[in-house]
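Asker: Everything below, folded, please.
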Amino acid sequence: MIKGVILKKLVRYSDERGFFEELIRATDPFFKEGFGQWSRSFKKEGVIVAWHYHPTQVDWWYVVRGTIKAVLYDLRENSRTKKEINEFILGEKGKEVILKIPAMVAHGFKVLKGPVEFFYITSKVYDPKEEGRVPFDDPKINYEW
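Answerer: Modelled structure (predicted):
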């Protein structure tokens, strides 16, 4: 696993009325970087969104509807997991988790079953200086979507 990537397993309490599921608490150890912004994304089946990274910002992803393959690539120069790739299936056909993505870990996803709707929290509010991009087909990463 890429250093600093965390999957928080969720606990769902179900009964005949539906369910309740707690996602993130301010006191969660994996949420120590704090809250900056809460965003929502909607994408159609087959869409690929990649690669994106942040110099200092941390992301937390939760898929509400649909299924994605989330892919991470460690760009950090001094990381013991530099250039490592992690894949996670999130959403209806995957794990009920929150995915924490550290700063300088490139991330992207492919919608496997859509449409997909997911929410993500960032540790900072939007700042163009925090928006890094790498083409989805970058030969240095060499990932086959």
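
Asker: Could you give the secondary structure assignment for residue 144?
Answerer: In three-state terms, and counting by DSSP: H, G, I helix; E, B strand; the rest coil, residue 144 is coil.

Asker: Now do the phi/psi pair for it.
Answerer: phi -90, psi 110 (degrees, to the nearest 10).

Asker: Next, count neighbours for it.
Answerer: 4 (other CB atoms under 10 Å). (C-beta placed from N, C-alpha, C; glycine too.)

Asker: switch to numbering from 303
Answerer: That works, and once the first residue is 303, the last one we named lands at residue 446.

Asker: So which bits of the longest strand seen in the chain are buried?
Answerer: Using DSSP state E, we find that the single longest strand of the chain is strand 407-424. Under the neighbour-count criterion of 16 or more other CB atoms under 10 Å, strand 407-424 has 407-414, 416, 418, 420, 422-424 buried.

Asker: Residue 316: which of those is nearest?
Answerer: residue 420 (21.1 Å; CB to CB).

Asker: separation between the residue of the chain positioned farthest from its centre and residue 394?
Answerer: Of all residues in the chain, residue 318 sits farthest from the chain's C-alpha centroid, using CA atoms, centre = their mean; the distance is 31.0 Å. As judged by CB to CB, to the nearest Å, residue 318 and residue 394 stand 21 Å apart.

Asker: now swap in residue 320 and tell me
Answerer: Counting by CB to CB - residue 320 and residue 394 are separated by 16 Å.

Asker: Residue 414 contacts residue 365, doesn't it?
Answerer: No - using CB atoms under 8 Å, residue 414 makes no contact with residue 365, being 10.4 Å away.

Asker: ok now do residue 326, which residues does it touch?
Answerer: Contacts for residue 326 (CB atoms under 8 Å, 6 or more residues apart in numbering) come out as 310, 333, 362, 400, 423.

Asker: With neighbour numbers in mind, choose between residue 320 and residue 394.
Answerer: A direct count of neighbours by other CB under 10 Å for residue 320 and residue 394 places residue 394 higher, at 15 against 7.

Asker: Next one: the closest residue to that one other than its chain neighbours, what pLDDT does it get?
Answerer: Spatial nearest neighbour of residue 394, excluding adjacent residues (CB to CB, 6 or more residues apart in numbering): residue 369 at 5.3 Å. On pLDDT, residue 369 comes in at 96.
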